[in-house]
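J.: coords below, sequence missing:
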Ligand SMILES: O=C1O[C@H](COP(=O)(O)O)[C@@H](O)[C@H](O)[C@H]1O
């Protein structure tokens, strides 16, 4: 794993840098195999990135979009990660419908919905059940409790070693989520973190001796590149490319 940490002066610079990395990863993947697979994060932080990507002229027919996690709500619900990305970006560009691969919530059972999405994922990548698909790029955020995707602190899903898609648990509410081994198989994982409310969690995530299960973002160690982009308010006490605190 190659790890990079960058503290950007503000949220606009964070989004600009994230877009540069994304576009570069897309170009590399498309050149190598004629398509690119990207998993999106939900929440508020990546929304301006998606809005900015909506204004780019990219080879949309070669870009395949997935989500790293989804709230257990219908696709038209205001909390839906899919809805946010569609409204901010995907509905505004000429990406073919078949290139969009949401975690469909059928409301039968979270386990069934997770298993359905796992099957779709394995079919798309042509990967058998013992292996994990390799994403070109997975975007992630963190919560102020140290969760990432829907991998919440001290929950059973953190121990998952076989499934690629599983059920996360946000204090009793189910969510569908990529598992740690799926994320760690990626060529590139890009964390976007903004806001002073993330500082305490970052301290623990970057600490040499904190508990991985209490701060699940610590479990993310992809075989490829790991990028942490922090805005000034979140990353105030970190030096670029140095995981130790400066004060
Ligand atoms: O619930 C979620 O939260 C995290 C972080 O969201 P943010 O609004 O603080 O950026 C997000 O990465 C995850 O995808 C989402 O479902």
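T.: Arrived safely, thanks for sending. Note that the coordinates shown come from a computational prediction; the quantities given were computed from them, not determined experimentally. Numbers count the residues shown, from 1 in each chain.
J.: I'd like to check which residues are in contact with the nearest residue to residue 120 once chain neighbours are set aside.
T.: Closest residue to residue 120 apart from its sequence neighbours, by Cβ to Cβ, 6 or more residues apart in numbering: residue 101 at 6.5 Å. Where C-beta positions appear, they are placed from N, C-alpha and C, glycine not excepted. For residue 101, the contact set (Cβ atoms under 8 Å, 6 or more residues apart in numbering) comprises 64-66, 120-121, 124.
J.: Just the buried subset of the residues you listed, please.
T.: Among these, those classed as buried by 16 or more other Cβ atoms under 10 Å are 64-66, 120-121.
J.: just the residues you listed now: which is nearest residue 27?
T.: For the buried ones among the contacts of residue 101, the closest approach to residue 27 (Cβ to Cβ) belongs to residue 64, at 15.0 Å.
J.: Helix or strand: which one has the closest one?
T.: Assessed by DSSP states H and E, residue 64 sits inside strand 63-67.
J.: Please enumerate residues in contact with that strand?
T.: If you take Cβ under 8 Å, 6+ apart as the criterion, strand 63-67 is touched by 26, 30, 35-40, 42, 81-82, 85, 90, 95, 99-103, 121, 124, 135.
J.: same thing but 7 Å
T.: With contact meaning Cβ atoms under 7 Å, 6 or more residues apart in numbering, strand 63-67 is reached by 26, 35-40, 42, 81-82, 90, 95, 99-103.
J.: How about stretch 105-121?
T.: Counting by Cβ under 7 Å, 6+ apart, 70, 72-74, 101, 103-104, 133, 163-167, 174, 176 sit against stretch 105-121.
J.: try 10 Å
T.: 37, 39, 66-67, 70-75, 77, 80, 82, 101-104, 127, 129, 132-133, 135, 157, 163-169, 173-179, 182 (Cβ atoms under 10 Å, 6 or more residues apart in numbering).
J.: Mind giving me the ChimeraX command for buried ones among the residues you listed?
T.: With 16+ other Cβ under 10 Å as the criterion, this ChimeraX line picks the buried residues out of these:
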select :37,39,66,67,70,71,72,73,80,82,101,102,103,132,133,135,157,163,164,165,166,167,168,169,174,175,176,177,178,179,182
